[in-house]
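*Asks:* Sequence first, then the predicted structure:
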Amino acid sequence: MKVMIVDDESAIREALGRKLAREGYDVVLCKDGLEALKEFHNRRPDLVILDIVMPEGMDGLTVCRRIREVADTPVMMLSANAITEADIIDGLNAGADEYLTKPVRLGEFVARVAAILRRSSLTTTDGEQKYDDGYLSVDLHRRHVHVSGKKIHLTPTEFKLLAVLMESSGRVVHQRDLLEQVWGREYIDDVYYPRVYISQLRRKIERDAANPAYILTEHRVGYRFERQPNVTAR
Amino acid sequence: MVSGENAVALLVNGLTLAVALTLLIILLWHDSRSEVTQFFSVFLGLIMCWNLGALLAQAGALVSLPSGFQRIPLIILELGFTGSSIALYALTAALVKVFTRRFRALVLLALVLFGAYRVLLTVSGAPDPFVVQADGALSMASRSSLTLFYLVFDGASAYLLWRFQRKIRSRLLKAGLVAFIVGQTIGFLNPELSSFVIATVIAAFAALVIGFGILQQQIIRPLATRKSEVEALRNVIGSIANQTESGAVLQQVARQAAQVIGADAVGILLLDGDELVLKTAWELGVEPEAVRLARGHGMAWQSVLTKQLVQVEDYRRDWKGAPDFPIATEVFGAVMCTPLIAGGDPLGAMMAVASKQGRMFDREDAYLLQLLAAQAAVAVTQGHLFHEQSALTSAVEQSRNQLETVLASTDSPVIAIDRSFAVIFANPAAQALFGGFNPEMRGSIAELLPASAFPANLRGALRELRRNRTLTYEAEFGEQVFLAHVARLGGPRVEGWVTVLNDITQLKELDRLKSEMVRMTSHDLKNPLQAAMSNLELLRDDVYDDGTQDVRESVDAIDRQLMRMNRIIRGILDLERVKNGVIALEMCRPERIIKDAAQEMAEFAREHEVTLTSESAPDLPPVACDVEQFGRALINLVENAIKFTPSGGRVLLKAASHDGFVDFVVSDTGVGIAPDQQERVFDRFFRAKQKGVEHVSGSGLGLSLVKTIVANHKGQIWLDSEEKVGTTFTIRLPAAQDTGL
């Protein structure tokens, strides 16, 4: 497993890199956004860990967006300037799968890295593998999603979220269950994750994200996937 | 032969008495129940008996009736003569109003006695007192029993007339009464003078004069005075209506009273605290305001205290109390004093005075004085009310001016609108905001201000106004931001609203700069912290197990200090976060919140050698809370508890539920908080000074943050503490309805 760490502080970059190396990961270290993008194309890491505030023009959010344009590689934000939940949501909206605030203990850091990699490599198992109502079609096995016949890209987290909801389609999935199943046990309190990803998912698959038909919110409880009648049958 | 003079005299007498009878009829028709009229009718009847007797006796003598028959007219004459002297006394007494309670009975008794005496005389064969000669000339026997009656009754009448001459105002009446007495006296002259006929004529004339005098007193004079009374009242009422100054009205009342009542002087005294002060004096001989009567002094006070009319006929003789004025005993004759009463409370007194030689006051005068007193009371009350109202008006005007000056000089715009949202007031600062506002326009507020100046949710804002009576929101005018405080105008019914705008543009900018600074600081502090912590952990991996005890202790110390730094930074940022952040409520299990908080603080407790235990009651209902924020609040409390508990102490964190609430309780066996500091511990930057705790690190932000978070959750927080025993903090949140998940 190859992990890229992007941070302008060399002390942090190197300490984290050394820890991951000790845990058996291949580590690529970058000092700014431009270098990160270059290395991303060259080395194709399995996980990118991004600082947000960096000098030299390109910040972590931009790097994340650029990566998202070309790949579904999981991205972890590691930032010192997040104060409010809105800051974290901004990061997640840029396409990050994970947002950690500094300072973070190395033990937790390693655990989160492991979790995010496990998540991205996870394939769906049993249950229905395919869904198609003419507008939205999902092939869980091949990880293909089409909307109106056009293929769309979902990040591993988004895909995993959709898969979990579809497996329980028609039933409410509690927020905590969603967190545990999609992100992992250690994320159970990070309640803003589902909110951000659900809204992104809606933007990608719903006809009208403001009035969702597929993914419905059960206020203060969780979310529910609702199958839609087949439009091609008409 | 009957002398010609006699015949003429009898004829004149007849005519005279006929006229007197006419007057009597008028009097009876006017008021037959008046005692004076009744006595006058008896009196006149008896004089007619007298004349009739005289006529018949002379006529009998002419036709030479037998002597037995001749006696009858003489008896009638005697009855008339004597009876009229009794009736004269009765009439005089009635006129001067001096008679005892059984007066009528006494007069009747006198008549009966006279009758009985006369019968006794006749039976005993005594000669008749009246003698008629053959030529018809009448005379009285010189030595007659009639003299006794004459002396008693005419004498009594003459005495009454002299003693109470002031009580009979009509001179004509007095003259008539005197003439009658003189007339009867003439009848007692020697028979040789043939004076009895003259006596009869004088008596008949006197009766006519008396009749006319009574007519004047009973009918003509009252009619005349009524006119002047009505005029006086009209003047008084007119002056009350025209004058606002009660002094002028009182002067008018006093003058009119003097004229109408016929008093020589009138004074009006008003209550001033515990004294009666002479406000107005008419011919009283004392200066107004110079006389101040202490409570209970004088007739004036008596009338005020009793709320009744007080009256004396002779001030020196009849008034036993302290004199009203120093000169009063010397110069006052009859005095009446009546209270001025308004709304049942006495305001003062009005006094009518007659000089020693002046007249007496009768009941009509008293009524008139009371009537005028009532008008004076109205004038005084009206004067008071007018003064009060003027004072009130000027006070209101003054405060209005002050308020307007304040409002005009303040830089904060102030706008008042009515129920239809029309602007009813705008100070200069507000008018500048409108941009060319004309106060006369009274335009709708919505047309004058941009939409951004109103609350985003107008309906919600109105609802809040209705509930809380006040509303605070941020209003934007282009670049400027105002904090708008709205309060409703009017009592139970809403008459409008007033808004005060405070320019907070600079404050907002400052706040933004501060947040920016906190952000930058946090970033600049957290990066080195991350680097230090990461490297320390790597170092620990490498050297901890193999290193010496000193190395291990050093690594632990550095780690502890780094964590402490982290907590301080996080504390500052938490406050910033809670202040800005919207809380995200979700269903949470209390036991889990407790467990997480206890886990997080376990190491901190170990470091301080404090036993931290957590417990949850079974089957707790879930609560709606923001896990992140509420967790921080609990952790803050636990952290505080550990900090202020000496090593070896205990901290307990527990959750329990009752009555639809869930309580999160953090109790310690620490130093406790002094009672005078307990209220302030939730203040920002307040650090309680605890004895026995030399230095405890912290920013002082902890409890204010906790309080803010609890308030965001619509919960309550309070503490119970005893010094050297420990402190218990309790957070109470409403239990959420269990959704079954």
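*Replies:* On my side now, so go ahead.
*Asks:* What parts of chain A come near chain B?
*Replies:* Within chain A, the positions adjacent to chain B are A:9, A:11-12, A:15-16, A:18-19, A:22, A:53, A:80-81, A:83-86, A:101-107, A:172, A:174-175, A:189, A:191-192, A:195, A:220-222 by Cβ under 8 Å from any Cβ of the partner chain. Every residue, glycine included, has its C-beta placed from N, CA and C.
*Asks:* The closest residue to B:Ala446 other than its chain neighbours: what's it in contact with?
*Replies:* Spatial nearest neighbour of B:Ala446, chain neighbours left out: B:Phe421 (6.3 Å); criterion: Cβ to Cβ, 6 or more residues apart in numbering or on different chains. For B:Phe421, the contact set (Cβ atoms under 8 Å, 6 or more residues apart in numbering or on different chains) comprises B:444-446.
*Asks:* again with A:His144
*Replies:* A:His144 makes contact with A:137-138, A:151, according to Cβ under 8 Å, 6+ apart.
*Asks:* Enumerate every residue touching the residue nearest to the spatial centre of chain A.
*Replies:* In chain A, the residue lying closest to the centroid (Cα atoms, centre = their mean) is A:Asp97, at 2.8 Å. Applying Cβ under 8 Å, 6+ apart, one finds that A:Asp97 lies in contact with A:74-76, A:116, A:119-120, A:155-157.
*Asks:* Could you give the average pLDDT over the helix or strand hosting B:Met533?
*Replies:* Using DSSP states H and E, B:Met533 falls within helix B:505-543. What helix B:505-543 shows for mean pLDDT is 85.
*Asks:* Does the next helix or strand after it pack against any helices or strands, and if so which?
*Replies:* Per DSSP H and E, the first helix or strand lying C-terminal to helix B:505-543 is helix B:549-580. For helix B:549-580, the packing partners by 3 or more Cβ pairs under 8 Å, 6 or more residues apart in numbering or on different chains; DSSP states H and E come out as helix B:505-543, helix B:627-643, helix B:702-712.
*Asks:* Apply 10 Å and report the result again.
*Replies:* If you count contacts as 3 or more Cβ pairs under 10 Å, 6 or more residues apart in numbering or on different chains; DSSP states H and E, helix B:549-580 packs onto helix A:85-93, helix B:505-543, helix B:590-607, helix B:627-643, helix B:702-712.
*Asks:* May I see those helices organised as JSON lines, with mean neighbour count and distance to B:Thr669 added?
*Replies:* As requested, the helices and strands packed on helix B:549-580 are arranged in JSON lines below (neighbours: other Cβ atoms under 10 Å in any protein chain shown; distance: least, Cβ to Cβ, whole Å):
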{"stretch": "helix A:85-93", "mean neighbour count": "19", "distance to B:Thr669": "36"}
{"stretch": "helix B:505-543", "mean neighbour count": "16", "distance to B:Thr669": "32"}
{"stretch": "helix B:590-607", "mean neighbour count": "18", "distance to B:Thr669": "13"}
{"stretch": "helix B:627-643", "mean neighbour count": "24", "distance to B:Thr669": "9"}
{"stretch": "helix B:702-712", "mean neighbour count": "21", "distance to B:Thr669": "19"}
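*Asks:* May I see those organised as TSV, with distance to B:Gly247 added?
*Replies:* Below are the helices and strands packed on helix B:549-580 laid out as TSV (distance: least, Cβ to Cβ, whole Å):
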stretch	distance to B:Gly247
helix A:85-93	79
helix B:505-543	61
helix B:590-607	82
helix B:627-643	75
helix B:702-712	66
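*Asks:* Which one of those helices lies nearest to B:Gly571?
*Replies:* helix B:702-712 (6.5 Å; Cβ to Cβ).
*Asks:* what about that closest one and chain A, touching?
*Replies:* No: using Cβ under 10 Å from any Cβ of the partner chain, we find that helix B:702-712 stays clear of chain A, coming within 13.2 Å at best.
*Asks:* could you dump that helix to PDB, C-alpha only?
*Replies:* The C-alpha trace of helix B:702-712 is given here as PDB (Å, rounded to 0.1, in the frame of the first residue of the first chain):
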ATOM      1  CA  GLY B 702     -14.300  26.300  30.700                       C
ATOM      2  CA  LEU B 703     -17.500  26.900  32.600                       C
ATOM      3  CA  SER B 704     -18.700  29.700  30.400                       C
ATOM      4  CA  LEU B 705     -18.300  27.400  27.400                       C
ATOM      5  CA  VAL B 706     -20.200  24.600  29.300                       C
ATOM      6  CA  LYS B 707     -23.000  27.000  30.100                       C
ATOM      7  CA  THR B 708     -23.300  28.200  26.500                       C
ATOM      8  CA  ILE B 709     -23.400  24.600  25.200                       C
ATOM      9  CA  VAL B 710     -26.000  23.600  27.800                       C
ATOM     10  CA  ALA B 711     -28.100  26.700  26.800                       C
ATOM     11  CA  ASN B 712     -27.800  25.700  23.100                       C
END
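*Asks:* what's in contact with the very next helix or strand once past it?
*Replies:* Moving toward the C-terminus from helix B:702-712, the next helix or strand (DSSP H and E) is strand B:716-722. Outside strand B:716-722, the residues within contact range by Cβ atoms under 10 Å, 6 or more residues apart in numbering or on different chains are B:633, B:637, B:661, B:663-668, B:670-675, B:677-679, B:681-682, B:688, B:703, B:706-707, B:709-711, B:726-734.
*Asks:* go on, stretch B:468-478?
*Replies:* For stretch B:468-478, contacts defined as Cβ under 10 Å, 6+ apart pick out B:413, B:433, B:435, B:449-457, B:460-465, B:481-488, B:494, B:497, B:499, B:501-505, B:508.
*Asks:* Buried among the contacts of A:His144? Need that as a selection in ChimeraX.
*Replies:* Here the buried members of the contacts of A:His144 are turned into a ChimeraX selection, burial being counted by 16 or more other Cβ atoms under 10 Å in any protein chain shown:
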select /A:137,138
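*Asks:* Name the nearest of the contacts of A:His144 relative to chain B.
*Replies:* Proximity of the contacts of A:His144 to chain B (Cβ to the nearest Cβ) peaks at A:Val138, which lies at 26.2 Å.
*Asks:* before we move on, the earlier item: taking the contacts of A:His144 one by one, which sit in strands?
*Replies:* Among the contacts of A:His144, the ones falling in strands (DSSP state E) are A:137-138, A:151.
*Asks:* pLDDT weak spots in the stretch 601-741 of chain B?
*Replies:* Applying pLDDT under 70 to the stretch 601-741 of chain B flags the ranges B:683-701, B:737-741.
*Asks:* what about 50?
*Replies:* Along the stretch 601-741 of chain B, segments meeting pLDDT under 50 span B:691-695, B:699-700, B:738-741.
*Asks:* Which parts of chain A are strands?
*Replies:* For chain A, applying DSSP E gives strands covering A:2-6, A:26-30, A:47-50, A:75-79, A:98-101, A:130-132, A:136-139, A:144-147, A:150-152, A:172-174, A:215-218, A:222-225.
*Asks:* Using a markdown table, lay out the ones you listed together with mean pLDDT.
*Replies:* Shown next, in a markdown table, are the strands of chain A (pLDDT from 0 to 100):
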| stretch | mean pLDDT |
| --- | --- |
| strand A:2-6 | 94 |
| strand A:26-30 | 94 |
| strand A:47-50 | 93 |
| strand A:75-79 | 90 |
| strand A:98-101 | 86 |
| strand A:130-132 | 83 |
| strand A:136-139 | 87 |
| strand A:144-147 | 87 |
| strand A:150-152 | 84 |
| strand A:172-174 | 88 |
| strand A:215-218 | 88 |
| strand A:222-225 | 90 |
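*Asks:* hmm, back to that, of the residues of chain A next to chain B, buried ones?
*Replies:* Buried subset of the residues of chain A next to chain B (neighbour count, 16+ other Cβ under 10 Å): A:9, A:12, A:15-16, A:18-19, A:53, A:80-81, A:83-85, A:101-104, A:106, A:172, A:174-175, A:189, A:191-192, A:195, A:221-222.
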